[in-house]
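Student: Quick one, fold the following:
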Amino acid sequence: MPAHERCANDLRGVRLATNRLIPRWETLGNAGMNVSLVRMEGLTTGRLFLRRWQDADLVPFRAINADPRVMEFFPSMLTAEESDQAVVRIEQHFDRHGFSLYAAELIETQTFIGFIGISIPMFDAPFMPAVEIGWRLAYDYWGRGLATEGARAVVHHAFETLRIPSLVSFTVPANLRSRRVMENIGMVHDPAGDFDHPRVSEGHPLRRHVLYRLQAQSSV
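Tutor: Residues are numbered from 1 along each chain as shown. Sure, this is the predicted structure:
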């Protein structure tokens, strides 16, 4: 079976699992941090619809993950299969935790342009347990304030509906565009929290990451 068909089947399987009831509360991380779980269909901003993923998103997401401009600050671009499996993991995260990385759709054209959302990092670090806010948009949609617009909606939902007490975000020091989005949504750089990413090999120029934080009471 071709990889894209296998991934589409995986996505359908994940969606079938969403019919089960999810407990109101579920432990987040190893330290017992709790968040309220809410079944969510999506969030809407002035220009964006942030929603669950669809099979039609797979091909354009592959293009995003294979674009060297988008992936400049990642150790490598993703193959088509790696990109598809990332979508499966994102949808599984929705089902397990009640939140994840939303597929971002431009309302005006109904075009998939990337993702914006929150997730639990899958590695150990001094700042864990934590919930990370992140985004990845197609290059053609950079410079329009869309990441900031979507991220603000996600922050509001995370704090006001999910009752998550704080968020983190991180990137390499040179990624000034993402750092600017972090600052635009009220996040503050925590120099004491800067860290070497455990999933980037020692000596790699992208191993060092800066850490930003946002507390619920300080959100914009």
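
Student: Which of the helices or strands spans residue 86?
Tutor: In this structure, residue 86 is located in helix 80-97 according to DSSP states H and E.

Student: Give me the buried stretch members for that helix, please.
Tutor: Judged by neighbour count using 16 or more other Cβ atoms under 10 Å, the buried positions of helix 80-97 are 80, 83-88, 90-94, 97. Where C-beta positions appear, they are placed from N, C-alpha and C, glycine not excepted.

Student: Also stretch 101-116?
Tutor: So stretch 101-116, judged by 16+ other Cβ under 10 Å, has buried residues 101-106, 112-116.

Student: With stretch 166-178 instead?
Tutor: Within stretch 166-178, the residues scored as buried using 16+ other Cβ under 10 Å are 166-172, 175, 178.

Student: Compute the first-to-last residue distance for that stretch.
Tutor: Between the opening and closing residues of stretch 166-178 we find a distance of 19 Å, counting by Cα to Cα, to the nearest Å.

Student: pLDDT on that stretch, on average?
Tutor: In this model, stretch 166-178 has a mean pLDDT of 98.

Student: Stretch 110-121 now?
Tutor: Looking at stretch 110-121 alone, the average pLDDT works out to 98.

Student: ok, now stretch 50-65?
Tutor: According to the model, stretch 50-65 has a mean pLDDT of 98.

Student: which other residues reach that stretch?
Tutor: For stretch 50-65, contacts defined as Cβ atoms under 8 Å, 6 or more residues apart in numbering pick out 4, 7-8, 11-12, 15, 41-44, 70-71, 77-78, 80, 82-84, 86-87, 90-91, 94, 102-105, 112, 114-117, 136-139, 150, 153-154.

Student: now do stretch 100-119
Tutor: Applying Cβ under 8 Å, 6+ apart, the set of residues contacting stretch 100-119 from outside is 42-44, 47-54, 56-57, 60-61, 64, 90-91, 93-94, 99, 131-138, 140-141, 146-147, 150-151, 154, 158, 164, 167.

Student: try stretch 188-203
Tutor: Counting contacts by Cβ under 8 Å, 6+ apart, the residues touching stretch 188-203 from outside are 75, 123-127, 168, 170, 179, 182, 206-214, 218.

Student: Helices along the protein, start to end?
Tutor: Under the criterion DSSP state H, the chain carries helices at the ranges 3-17, 58-65, 80-97, 146-160, 176-184.

Student: For the ones you listed, which has the smallest mean pLDDT value?
Tutor: Per-segment mean pLDDT for the helices of the chain reaches its minimum on helix 3-17, at a mean of 51.

Student: Against residue 207, how distant is residue 154?
Tutor: Taking Cβ to Cβ, to the nearest Å as the measure, residue 154 falls 27 Å from residue 207.

Student: which one of those two has more residues nearby?
Tutor: Comparing residue 154 with residue 207 by neighbour count (other Cβ atoms under 10 Å), the higher total belongs to residue 154, at 24 against 16.

Student: so the more buried one touches residue 134, yeah?
Tutor: No: the pair residue 154 and residue 134 does not pass the contact test of Cβ atoms under 8 Å, sitting 9.4 Å apart.

Student: picking up where we left off before, quick one: which of the buried residues of stretch 166-178 sit in strands?
Tutor: By the criterion of DSSP state E, membership of the buried residues of stretch 166-178 in strands covers 166-171.

Student: Just put the residues you listed in TSV and tack on distance to residue 191.
Tutor: What follows is those, written out as TSV (distance: Cβ to Cβ, whole Å):
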residue	distance to residue 191
166	17
167	18
168	14
169	14
170	12
171	14
